[in-house]
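Student: missing the sequence, but the structure's below:
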């Protein structure tokens, strides 16, 4: 890590959010968001003509919800391929419609106007945190609807967080690296999650899909396939109230 980079996700989570006795199972900076929601377009704007691709995924129970929802949203899991290459957003929201748990969560007014999302899983909770406004040098211009403004700002987060100074970013030479101030956006408990599944090409998963009780959910991207498997294993242990060994 160079002095122009921010601290790692786990270090920020532990120093800014976790309780002293709360270990981090995984943490990931996520930038960019897209929607696979009936009634919304890819940017989360109303689109009444959107197809009902996810119909039927709700109303089932347990892991059936997870498998049905993820298959409807992304296809047959291992056959899913990225359609937008390396610029694909880090988070995909999927749901049968706008009146769903995942959409309601992502529509909550964010504590910051723009910035990366920090997703953190501990044995107690799955939290989504945002850097506070003062940590972002190029906030998105004001726009009605906090969640849409956030979605626009997320695409610029990577540049805004490291571009304020050409050589040292937000960190001074010969000084300890600063942890960005973050604020919680929303949290999920074990009872809020019914399952998860890896998403991606065969032998190359790209997302950890987390499914909520109503069949909606979030697909969190990781650049490394082995991380996706570990993320999925940890979410499964979290959902079941089990100890996680730290291995997939």
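Tutor: Now that the structure is in, tell me what you want to look at. Just so we're clear, the structure is a prediction, and the values are computed from it rather than from any experiment. Numbers count the residues shown, from 1 in each chain.

Student: buried sites along the top helix by length along the chain?
Tutor: In the chain, taking DSSP state H as the definition, the longest helix is helix 225-240. For helix 225-240, burial by neighbour count (16 or more other C-beta atoms under 10 Å) applies to 227-239. Just so you know, the C-beta spots here come from the backbone N, C-alpha and C atoms, and that holds for glycine as well.

Student: Where do the strands of the protein begin and end?
Tutor: Assigned by DSSP state E, the chain shows strands spanning 26-30, 33-37, 91-95, 117-121, 126-131, 182-188, 193-201, 204-212, 217-221.

Student: possible to save the ones you listed as TSV with mean pLDDT?
Tutor: Converted to TSV, the strands of the chain look like this (pLDDT from 0 to 100):
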stretch	mean pLDDT
strand 26-30	92
strand 33-37	91
strand 91-95	93
strand 117-121	94
strand 126-131	93
strand 182-188	93
strand 193-201	88
strand 204-212	92
strand 217-221	94
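
Student: Low-confidence regions, the protein specifically.
Tutor: Applying pLDDT under 70 to the chain flags residues 1-7, 49-87, 112-115, 133-179, 248.

Student: Try it again at 80.
Tutor: 1-7, 48-88, 111-115, 133-180, 202-203, 223, 247-248 (pLDDT under 80).

Student: Would you map the helices across it?
Tutor: 9-16, 63-74, 101-106, 146-154, 157-162, 225-240.

Student: for the first one, packing partners?
Tutor: Applying 3 or more C-beta pairs under 8 Å, 6 or more residues apart in numbering; DSSP states H and E, we find helix 9-16 packed against strand 26-30, strand 117-121, strand 126-131.

Student: what about the strands of the chain, which gets the closest to residue 15?
Tutor: When these are compared by C-beta to C-beta, strand 182-188 sits nearest residue 15, at 9.4 Å.

Student: Touching that closest one from outside, list them.
Tutor: Here strand 182-188 makes contact (C-beta atoms under 8 Å, 6 or more residues apart in numbering) with 12, 16-17, 105, 108, 110-112, 117-118, 125-132, 210, 212.

Student: Is residue 44 in contact with residue 94, as I believe?
Tutor: No - judged on C-beta atoms under 8 Å, residue 44 makes no contact with residue 94 at a distance of 12.0 Å.

Student: ok, so of the buried residues of helix 225-240, who is nearest residue 218?
Tutor: Distances from residue 218 to the buried residues of helix 225-240, taken by C-beta to C-beta, are shortest for residue 235, at 10.7 Å.

Student: excluding its backbone neighbours, what's nearest the closest one?
Tutor: Using C-beta to C-beta, 6 or more residues apart in numbering and skipping the chain neighbours, the partner closest in space to residue 235 is residue 196 (4.3 Å).

Student: any idea how far that neighbour is from residue 211?
Tutor: For residue 196, the distance to residue 211 equals 6 Å [C-beta to C-beta, to the nearest Å].

Student: Looking at those two, which one has more neighbours?
Tutor: residue 211 (29 against 26; other C-beta atoms under 10 Å).

Student: Hmm, that one is touching residue 194, no?
Tutor: Yes - using C-beta under 8 Å, residue 211 is in contact with residue 194, at 5.4 Å.

Student: ok so, going back, name whatever forms a beta bridge with the residue nearest to residue 235.
Tutor: When assigned by DSSP bridges, residue 196 has beta-bridge partners residue 210.
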